[in-house]
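# only geometry, no sequence info:
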Ligand SMILES: Nc1nc2c(ncn2[C@@H]2O[C@H](COP(=O)(O)OP(=O)(O)OP(=O)(O)O)[C@@H](O)[C@H]2O)c(=O)[nH]1
Ligand SMILES: [Zn+2]
Ligand SMILES: [Zn+2]
C-alpha cells in the first residue's frame, strides 16, 4: 500500500489520472467530495451498491493504488530511445538458411517487396513481437544491437510499432479536433491544443482536399483519412517504428508523408506493390519463400526513374480527375503537355 | 494441467485468438483441449475440431450463462485430467458485461475488440477489470490513433493486466499470448477455488420462468429504477 494513500484527498487523487476519477465516480455516483480523504471516503461506501457496480473495497483499493503508482512514475511506452533495429537471419519456408541479416537505422525508409503470400507480414510480425528464434521464421530481433529485455517483449503493448494501412478506418463518431484532443490527453501531451492544431495543418498539407477540426472523422475521404493517420502517427504517436501497408495514392502526397515521418526520427517500413512507393525507400528488401532473398540499395539511376514515374503518375491523376468531373482531355494544350 | 479462462463479448474473436495461439505454440503446448460455454448455440465446436482440438460444448440455455459456467467448470477440469490434457482452455461468450468467469489462481484472459468504441473498456465490469491479460483484437481495421486511445482506456479500467494486441486473422500477437498460456499456473482441481468476483444475484420469479409483467408478479430479489425528481 502506498503509505500516504489513506490521507490523500479525493480531489488530488482524481487529478492524477482520468482512470482514477472514473473509478471513484463508479464507486460513489453521489456528490463529488474533493476534500475528503481516501480512507474516510472508503468508510462511507455502501458495500451492496459497490458490488452492483462490479467493485469491492479490495479491488477498488488496488485499482486506485496501481493507477497512482503508474501516473507518478510517468513512464512513456518505451524507456529507451531506438537508434537501430537488426533482424538476424532465420530460415525460409523449406527450412533453408535465410541469406541476409537486415540492419535499419533511425531515419531510414525500408520497402518490403515480394508476391502476395511470400512472407512480408511474417517479417513485420517478427519485428512487432521482437522474435527471438521462436517464430516460424526463426529470426531474432535486436534493439540497439542487443537482445531486448523480456519484460518489453511479454509485457503490455510496448508500442514499438505504429501501423497505417489501406484497411484502416476511423470508426469513432467524433469530430477530428475532438478526437485528436482525446488522443493528445492519452499521450499526456504538455501542449495538447498546439499539437492538435499542428496535426490538422500537417494532415491538410498531405491530403489534397481540405478538412477542419469540425469535420466528423467518419466523413473523411480515403485520402484525408490516410493523411490524418500519418500526421497523427508522426506528431502524436510515441512508437519509433512506423509500418505502412499498401497505402494507395488516393490524393495523398507520399513523399511529404515519408519526409514528415523521417524528420521525427522514426524508422519507416513500407510493405507495397506500388512502384513509386517501392522506389522511395533507401533500400528494398525482397522476400521470397518466407525469407529475405535480396537487399537492394535504391541507386541514383533508379531515383532518376522515380522522378519520371512520378511525372507520369501526376499526369494520370490529372486525367482521372478531369474525367471524373465531366471534363474532356480533348484540347491541344493538354495534349502538348501530355506528349512532352 | 494448465488452465486458461478466456471470456469476452460475443464475436470479438475469442476462438480466433485461441486457435491462432495454440497453432503458434506447436508442440510447446502439449496436448490441448477446450470447452466452449455459450448461451443458446455455437458453431465454434466445428472450428476447434477442424484445428484438431478436442472440444466439449456447454449451452446454458435458459440458465444464467455465468451460473452455468461456475457449476460446470470443475467437471471440465476433471474431463481434462481424464483426457490427459496439458492445457485446458475454457472459452465463454454471451455473458452480460457485469459478469466475470475468472477464478483466483487460474490465468484469466478477457478479449475485447477495438471496433467496439473507445468507451467500451469502461463499461465492461469484472470480466475486464479483474483479468490478468486483456487481448485487443481487430486493430487491423481501425486507425492507430483509436487503437492507442482504446488501449489507454483498457489500462485505466484494469491497471494491473498485461495488454496485448492481437490480429485474429493473421495471428499477429500469438507469440506473446502463447508465452503466457504455457506459463499459466498448474491446477489440479478447482474444488475449493474461488471466483474473483461474486456472480450477480438472481432468483426472482422471472429467473424461474415467470413471464407476466406487473407488481403482482414481482417477488424476491426486486430492485427499482430511480427516476429522481423528474416525474410530474
Ligand atoms: N479484421 C479482423 N477480424 C477478426 C479479428 N479477430 C477475429 N476476427 C473475425 O471476427 C469474427 C468472429 O471471430 P470469432 O473468433 O468466431 O469470435 P468469438 O469471440 O469466438 O465469437 P463467439 O464465440 O461466437 O462469441 C470472425 O469472422 C473472425 O474472422 C481481427 O483481429 N481482425
Ligand atoms: Zn468463439
Ligand atoms: Zn449473469
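Received it, and whenever you're ready, just let me know what you need. These figures come from a predicted structure and were not determined experimentally. Numbers count the residues shown, from 1 in each chain, chains lettered A, B, ... in the order given. Ligands and ions are numbered 1, 2, ... in the order given.
# which residues of chain B fall in helices?
B:14-25, B:44-50, B:65-82, B:120-123, B:126-129, B:144-157, B:174-182 (DSSP state H).
# which stretch among those comes nearest ligand 2?
Smallest distance to ligand 2 across the helices of chain B (C-beta to the ion): 3.3 Å, for helix B:14-25. For every residue, glycine as well, the C-beta is placed using N, CA and C.
# Contacts for the closest one next, please.
Helix B:14-25 has contacts (C-beta atoms under 8 Å, 6 or more residues apart in numbering or on different chains) with A:135, B:6-8, B:29, B:32, B:34, B:36, B:44, B:47-48, B:51, B:53, B:89, B:91, B:93, B:111, B:135, B:137, B:166, B:168-169, B:171, B:173-175, B:177-178, B:181-182.
# Report the inter-axis angle for it versus helix B:174-182.
Orientation check (axes from the mean of the first three to the mean of the last three C-alpha atoms, to 10 degrees): helix B:14-25 against helix B:174-182 gives 90 degrees.
# show me the contacts for the residue in the stretch 51-200 of chain A that ligand 1 sits nearest to.
Nearest residue of the stretch 51-200 of chain A to ligand 1: residue A:167, at 7.7 Å (C-beta to the nearest ligand atom). With contacts defined as C-beta under 8 Å, 6+ apart, residue A:167 is in contact with A:245, B:140-141.
# of all the helices of chain B, which gets the most neighbours per residue?
Compared across the helices of chain B, helix B:126-129 shows the largest average neighbour count, a mean of 27 (mean count of other C-beta atoms under 10 Å in any protein chain shown).
# buried subset of the contacts of helix B:14-25?
Among the contacts of helix B:14-25, those classed as buried by 16 or more other C-beta atoms under 10 Å in any protein chain shown are A:135, B:6-8, B:29, B:32, B:34, B:36, B:44, B:47-48, B:51, B:53, B:89, B:91, B:93, B:111, B:135, B:137, B:166, B:168, B:171, B:173-175, B:177-178, B:181.
# So which of those reach ligand 1?
Contacts with ligand 1 within the buried ones among the contacts of helix B:14-25, counted by C-beta under 6 Å from any ligand atom: B:8, B:44, B:93, B:137, B:168.
# quick one, phi/psi of the first one?
Just to be clear, that refers to residue B:8. phi 170, psi 160 (degrees, to the nearest 10).
# low-confidence ranges in chain A?
Low-confidence segments of chain A (pLDDT under 70): A:1, A:72-80, A:157-158, A:248-251, A:336-340.
# hey, where'd the helices end up in it?
For chain A, the helices defined by DSSP H cover A:10-16, A:18-27, A:38-44, A:47-52, A:57-73, A:120-128, A:150-154, A:176-186, A:192-206, A:222-236, A:254-263, A:275-280, A:300-324, A:332-339.
# Out of those, which gets nearest to chain B?
Closest to chain B of those is helix A:18-27 (C-beta to the nearest C-beta; 2.8 Å).
# got the angle for that closest one vs helix A:57-73?
On the basis of the same axes, to 10 degrees, helix A:18-27 is oriented at 160 degrees to helix A:57-73.
# contacts for helix A:18-27?
Contact with helix A:18-27 is made by A:10, A:13-14, A:32, A:45, A:50, A:53, A:55, A:60, A:63-64, A:67-68, A:71, A:185, B:122, B:155-157, B:159, as judged by C-beta under 8 Å, 6+ apart.
# Can I get the buried part of those as one PyMOL selection?
In PyMOL syntax, the buried subset of these is picked out as below (16+ other C-beta under 10 Å):
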select buried, (chain A and resi 10+13+14+50+53+55+60+63+64+67+68+71) or (chain B and resi 122+155+156+157+159)
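# State the distance from the spatially most central residue of chain A to residue A:235.
Residue closest to the average C-alpha location in chain A (C-alpha atoms, centre = their mean): residue A:162, at 2.6 Å. Residue A:162 sits 11 Å away from residue A:235, going by C-beta to C-beta, to the nearest Å.
# And for residue A:144?
Relative to residue A:235, residue A:144 is positioned 24 Å away (C-beta to C-beta).
# the more surrounded of those two?
Using other C-beta atoms under 10 Å in any protein chain shown as the criterion, residue A:144 and residue A:235 rank with residue A:235 on top: 21 against 13.
# ok, back up a step: could you find the closest non-adjacent residue to the residue nearest to the centre of chain A?
residue A:239 (3.8 Å; C-beta to C-beta, 6 or more residues apart in numbering or on different chains).
# So the one you found sits against residue A:160, correct?
Yes. Counting by C-beta atoms under 8 Å, residue A:160 is a contact partner of residue A:239 at 6.0 Å.
# Please report the distance of the residue in chain A positioned nearest to ligand 3 from ligand 2.
Of all residues in chain A, residue A:54 sits closest to ligand 3, at 11.7 Å by C-beta to the ion. Using C-beta to the ion, to the nearest Å, residue A:54 is found at 23 Å from ligand 2.
# Same check on residue B:89?
Distance of residue B:89 to ligand 2, computed by C-beta to the ion: 11 Å.
# can I see the domain layout of chain A?
Annotated domains of chain A cover A:2-73, A:173-238 [the TED database].
# Out of those domains, the one nearest residue B:190 is which?
Closest approach to residue B:190 among the domains of chain A (C-beta to C-beta): domain A:2-73, 20.9 Å.
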